[in-house]
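**Q** Sequence plus the predicted model coming up.
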Amino acid sequence: EVQIVESGGGLVQAGGSLRLSCAASGFTADDYTIGWIRQAPGKEPEGISCISKSGRTTFYADSVKGRFTISMDNAKNTVYLQMNSLKPEDTAVYYCNARVYGLDLVDYWGQGTQVTVSS
């Protein structure tokens, strides 16, 4: 059974930091990416960062570049999103996504974790 479990959300003041964790298990694939997508109330989902299976390739949206860092601990099958210099506009539900590339492309999603940044 595939499991994608996020943790680490919470309430923080502007300028503060949080670290999100995404524990992914139950799938094996030659290639996959793990990413973070967030959705604020009344807004479209935004893909903000992802990392390749090897950890050598990363992507950041312009909105978080320079403030967020994605990393992977393969031994723990866990991806982290270190979020620094948080802004009120970072307030959203953050979802972890595992995109598995095989004969078919399959997306697995976590349940989401709330991040609230107060001004």
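**A** Thanks, I have the structure now.
**Q** how much space between the residue in the chain sticking out farthest from the centre and Asp31?
**A** In the chain, Leu103 marks the outermost C-alpha relative to the chain mean, sitting 24.5 Å out by Cα atoms, centre = their mean. Between Leu103 and Asp31 the distance, using Cβ to Cβ, to the nearest Å, works out to 12 Å. Glycine gets a C-beta too; all of them are placed from N, C-alpha and C.
**Q** Let me know the helix or strand that the residue nearest in space to the middle of the chain is in.
**A** Here the mean C-alpha position of the chain is nearest to the C-alpha of Trp36 (Cα atoms, centre = their mean), at a distance of 2.6 Å. Here Trp36 is covered by strand 31-39, with elements defined by DSSP states H and E.
**Q** contacts for that strand?
**A** Residues from elsewhere that reach strand 31-39 (Cβ atoms under 8 Å, 6 or more residues apart in numbering): 20, 22, 24, 45-53, 59, 70, 72, 79, 81, 90, 92-101, 115.
**Q** Show the backbone phi and psi for the residue farthest from the centre of the chain.
**A** Backbone dihedrals for Leu103, given as degrees, to the nearest 10, come out at phi -60, psi -30.
**Q** On the C-terminal side of the strand holding Trp36, identify the next helix or strand.
**A** If you walk from strand 31-39 toward the C-terminus, the next helix or strand you reach (DSSP H and E) is strand 46-52.
**Q** next SSE after that following strand?
**A** Using DSSP H and E, the helix or strand that follows strand 46-52 in sequence is strand 58-60.
**Q** mind listing what's buried in the helix or strand following that following strand?
**A** Sequence order places strand 68-73 as the next helix or strand after strand 58-60, per DSSP H and E. Of all the residues in strand 68-73, those buried under the rule 16 or more other Cβ atoms under 10 Å are 68, 70, 72.
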